[in-house]
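# fold the following, please.
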Amino acid sequence: MSSDVRTLDDRELSLIWALRDLPEGRLRADLLALLDEFLSFAQDLRCAQMQADGVPCPSAHTACDECQRVLARLDRIRAAVRTA
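Here you go, the predicted structure:
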């Protein structure tokens, strides 16, 4: 087990409690699976300029096609949730 102890900020705690408050069932299971898949997708950026020590840009809001692809998907999800 890792000895890396991280403190959760208020937003992270809020998200965890919101997930825990969902009743057991398909909706909860599907949402957890979707979040897991989406986080894996966002963490696995394939920046053409990526080096062994990470991504050269300080922000995902630059012109990089990979970061922009992730942000575009987030925008589509937000739009779909707002119109639901």
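# the protein: helices as residue ranges?
Remark: helices assigned in the chain by DSSP state H are 10-21, 26-43, 65-83.
# of all these, which one is nearest residue 4?
Shortest distance between residue 4 and the helices of the chain, using C-beta to C-beta, is found for helix 10-21: 15.2 Å. In this view, the C-beta of every residue, glycine as well, is placed from N, C-alpha and C.
# distance from the chain centre to that closest one, please.
Put simply, helix 10-21 sits 14 Å off its chain's centre (C-alpha atoms, centre = their mean, to the nearest Å).
# what's in contact with that helix?
8, 28, 31, 32, 35 (C-beta atoms under 8 Å, 6 or more residues apart in numbering).
# picking up where we left off before, need the helices of the chain in a markdown table (columns: mean neighbour count).
Putting the helices of the chain into a markdown table (neighbours: other C-beta atoms under 10 Å) gives the following:
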| stretch | mean neighbour count |
| --- | --- |
| helix 10-21 | 10 |
| helix 26-43 | 11 |
| helix 65-83 | 11 |
